[in-house]
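Visitor: sequence plus the predicted model coming up.
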Amino acid sequence: MKPPVSEAILSITPYKPGKPLEELAREYGVTDAVKLASNENPLGPSPKAVEAVRKALDNLHRYPDGACHDLTAKLAEKLGVSRQEIVVGNGSDDIIAMLTRAFLQPGDEAVIADPTFLMYEIGIRTSGARVVKVPVENLGIRTDAMLEAVGNRCRIIFLCNPNNPTGAVVTDAEFRRLLDGLPPDVLLVVDEAYMEFVRDPQCANSLELRRITDRAIVTLRTFSKAYGLAGLRVGYGVMPAWVADVLHRVRQPFNVNALAQVAAVAALDDTEFLEKSIRCVHEGIDRMQAEISAMGLVCHPTQSNFFLINVGRSADDVFEAMLRQGVIVRSMRAYGYPTHIRVNAGTPAENERFLSALKRVIQEGS
Ligand code: PMP
């Protein structure tokens, strides 16, 4: 006899991260592999952040600042909000989990796009709430359809902008329509993990739009992508102070480690690194998309640091074949796209490695 586990928890499929480089080395003996599967920063961490971490090492015996004072103060100043409107997390994953834990109860509903980032569904199910999925159309999130899907048990809408894994954005006009129709008792969570990479001027910016509404908007941002700190785990949410107050009740007291805090503060000052990272991603995306289109494959437009490619055959097979070439990408089969892979921009050398591996795999398979 075992302690019982609820159906809600048993219905969860565990999150499957991009294959780690170490695993490829263990399984395939490939030691010079290239990983373009987790949308990480190709240039590494900001050198200023690395220096800040070095300086903080002597104090590892102390608990971190549970209030993240310096980081929230810096973010508040940069974003023009108060410290009370910011919650920092062990990655933005942590804030997604706090939101679903605090705002959803069994029987409630939350609306998400399909496909979108998997952690929303995991959080919703963990709370025993029902996931309402609204399929994307031509890879774009349909905000009007999401609004139509809001019933009276709905408590949260998760909007991923740009959306992972599709790379498409919600426009300012679509966002305003969503705000107009949003019932006041529904929390709108806008995950802008990739916002730094957006080039489309029509893309909605929730940090600006929150100023023109009394609806409860939570904007999620992360240091894992453009700021290059995925390994330290730090992200944040900007939200009405009353929502922050609710999250602090369920937040672990020391959820953001000491090294992550100092690194994030330093990274915010390193605008040169940030700009270089964004430039590297844009150049990488443009080069890869041009080459892949020339191979006769369909690349989907993106506003992010990754994009989808229709490889016209089993994405799982292409994923495996690419692994053997030492290049890690993602198969999108589990997301409902059995012939699509997702790849993120790497360094110029990594991008060339990817392109020649893909060429080989496609030629061998045809
Ligand atoms: N949101 C989206 C859309 C993401 O793709 C990711 C990372 N894959 C996250 C949130 C989580 O980011 P973090 O590393 O800050 O937990």
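Guide: Great, that's in hand.
Visitor: burial of whichever residue of the stretch 51-200 of the chain sits closest to the ligand, as a residue count?
Guide: When scored by Cβ to the nearest ligand atom, the stretch 51-200 of the chain has Gly91 as its residue closest to the ligand, at 2.5 Å. All C-beta spots, glycine's among them, are computed from the backbone N, C-alpha and C. For Gly91, the count of nearby residues is 24 (other Cβ atoms under 10 Å).
Visitor: skipping adjacent residues, who's closest to it in space?
Guide: Sequence neighbours aside, Arg233 is the residue nearest to Gly91 in space, at 4.3 Å (criterion: Cβ to Cβ, 6 or more residues apart in numbering).
Visitor: could you do Glu364 as well?
Guide: Ala321 (7.2 Å).
Visitor: just the mean pLDDT for the helix or strand containing that neighbour, thanks.
Guide: Assigned by DSSP states H and E, Ala321 belongs to helix 315-324. Helix 315-324 shows an average pLDDT of 95 in the prediction.
Visitor: chain center to the following helix or strand past it, what's the gap?
Guide: Downstream of helix 315-324, the next assigned helix or strand under DSSP H and E is strand 327-328. Taking Cα atoms, centre = their mean, to the nearest Å, one finds strand 327-328 lying 20 Å from the centre of the chain it belongs to.
Visitor: what pairs with strand 327-328, parallel or antiparallel?
Guide: Here strand 327-328 has these sheet partners by DSSP bridges: strand 34-35 (parallel).
Visitor: sec struct for Leu71, please.
Guide: Classification of Leu71 using DSSP: H, G, I helix; E, B strand; the rest coil returns helix.
Visitor: quick one, what contacts it?
Guide: Residues near Leu71 by Cβ atoms under 8 Å, 6 or more residues apart in numbering: Val88, Val234, Tyr236, Val256, Gln261, Ala264, Val265.
Visitor: how far away is Asn305 from Ile217?
Guide: Asn305 sits 24 Å away from Ile217, going by Cβ to Cβ, to the nearest Å.
Visitor: give me the more crowded residue out of those two.
Guide: Between Asn305 and Ile217, counted using other Cβ under 10 Å, the more crowded position is Asn305 (28 against 23).
Visitor: wait, what's in contact with Gly140?
Guide: Contacts of Gly140 (Cβ under 8 Å, 6+ apart): Thr166, Ala168.
Visitor: try 7 Å
Guide: Each residue near Gly140 by Cβ atoms under 7 Å, 6 or more residues apart in numbering is listed here: Ala168.
Visitor: residues in a beta bridge with it, which ones?
Guide: Under DSSP bridges, the beta-bridge partners of Gly140 are Glu137.
Visitor: roughly how far apart are it and Ser293?
Guide: Distance, Gly140 to Ser293, using Cβ to Cβ: 20 Å.
Visitor: Arg287 should be in a helix, yeah?
Guide: Yes - with three-state DSSP as the criterion, Arg287 is part of a helix.
Visitor: so what's the residue count around it?
Guide: Applying other Cβ under 10 Å, we find 15 residues neighbouring Arg287.
Visitor: and Val327, by the same measure?
Guide: 26.
Visitor: so it sits right up against Ala37, yeah?
Guide: No - counting by Cβ atoms under 7 Å, Ala37 is not a contact partner of Val327; they are 9.0 Å apart.
Visitor: could I get the buried residue list for stretch 213-225?
Guide: Residues of stretch 213-225 classed as buried: Arg215, Ala216, Ile217, Val218, Thr219, Leu220, Arg221, Thr222, Phe223, Ser224, Lys225 (neighbour count, 16 or more other Cβ atoms under 10 Å).
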